[in-house]
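In: how does the following fold in three dimensions:
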Amino acid sequence: MILPCKHETQVTKQVPNAIDLLNNLDVSHPDLLREHDIQPIDYRHGLVFRSAIESIRGTFIASSTTGREGLIGDVLENMRLKGMIADYKQTGSSRRYDFIVVVEHDPDYIAALEVKGGEGNSINISERPLWAKEFCVWCHLDGAIVNQPGHGAHSIINRLTNELVRRHKSVDALFFKDILCGTRTRPCPKYPEKKDTIGLLAAPDIFLFPRRIPTLEDPEPPVHSLRTLKLPDRILNLFGVDEKSRNEHIWEVRVGLEKVANDRIQRNVMVLHMGEMVDESKSRAWRP
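Out: Residues are numbered from 1 along each chain as shown. As a prediction, the model looks like this:
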């Protein structure tokens, strides 16, 4: 299992009921619509319902993006105040990364951090700056709870490894944490004593990627560790994860290239957690 957490059935089973209720308000509760000056005949045929949903969705997407960056900003501010990083800056919309993190001064060691949602659809809308010693992506799995966190993690890792191999865009580490972590909706099994109350105090899950871009000459480069990167280890320190518990929060993403029939190349990805393979995938073959 690529992530150990799951959305609780007692919560997800309510989603179909909510869909049915909203879809059929004009038939099942026409008086309720009239109380709010909505004509039942216009609810569906006049596109009132659809327009309302699209408006809410647009507002939700905008507020979610702000909320995601706000959560990361809080993490980085706490790190700065505790002396775990030297400084940080949130970038504008013109940049394809969201935060510049000055991990150390003298000499400068600077990381770039990109914030994304949970399905990986916009992963390619990011860029590793040339000056970055580390490039990390922080993803939030706070979208539709009908999809389990493992589904989102699998999708994002496949997209990131595709970018790594096909576009040579190297990502050093991937973080997963959002406002659903350690709550009634998504209990965190890493904290058995307070799995549904740990909330914002839960440490992120960290996926470490290859140190180099795979090539046919170097088809399976070694994976990063907490010793070859600076930012992941400091984030775990911020959340109070001790040395004995480190491995529970760390995943390895191994990427390999191999030649297959007709001089094509295939990408193979394995995800390991505490020495056990929890996910494996192979890409379609392509000509280099």
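
In: which SS state does the closest residue to Leu216 other than its chain neighbours fall under?
Out: Nearest non-adjacent residue to Leu216, counting by C-beta to C-beta, 6 or more residues apart in numbering: Leu257, 6.1 Å away. Backbone N, C-alpha and C define where each C-beta goes, glycine included. Secondary structure, DSSP: H, G, I helix; E, B strand; the rest coil: Leu257 is strand.

In: let the chain start at 21 from now.
Out: New numbering, starting at 21: the last item is Leu277.

In: any idea how far Val135 is from Leu277?
Out: 29 Å (C-beta to C-beta, to the nearest Å).

In: go on, Pro127?
Out: 27 Å.

In: before we move on, what about Leu221?
Out: With C-beta to C-beta as the criterion, Leu221 and Val135 are 20 Å apart.

In: cool, Met297 as well?
Out: Note on Met297: its distance to Val135, by C-beta to C-beta, is 29 Å.

In: same check on Arg77?
Out: As judged by C-beta to C-beta, Arg77 and Val135 stand 20 Å apart.

In: the two: who's more crowded?
Out: Val135 (22 against 10; other C-beta atoms under 10 Å).

In: quick one: the helices in the protein?
Out: 29-32, 34-43, 45-48, 50-55, 60-64, 68-101, 169-186, 251-258 (DSSP state H).

In: least confident of these, on average?
Out: Note on the helices of the chain: lowest mean pLDDT is at helix 68-101, with a mean of 83.

In: so what secondary structure elements neighbour it?
Out: Counting contacts by 3 or more C-beta pairs under 8 Å, 6 or more residues apart in numbering; DSSP states H and E, helix 68-101 is packed against helix 34-43, helix 60-64, strand 107-110, strand 119-124, strand 129-136, helix 251-258.

In: return the most buried member of those.
Out: Stretch with highest mean neighbour count among the helices and strands packed on helix 68-101: strand 129-136 (a mean of 22; mean count of other C-beta atoms under 10 Å).

In: taking helix 68-101 as reference, get the angle to that strand.
Out: Strand 129-136 runs at 160 degrees relative to helix 68-101, counting by axes from the mean of the first three to the mean of the last three C-alpha atoms, to 10 degrees.

In: so what touches strand 129-136?
Out: Outside strand 129-136, the residues within contact range by C-beta atoms under 8 Å, 6 or more residues apart in numbering are 88-89, 92, 96, 116-123, 142-143, 146, 148-149, 151-160, 176, 250-251.
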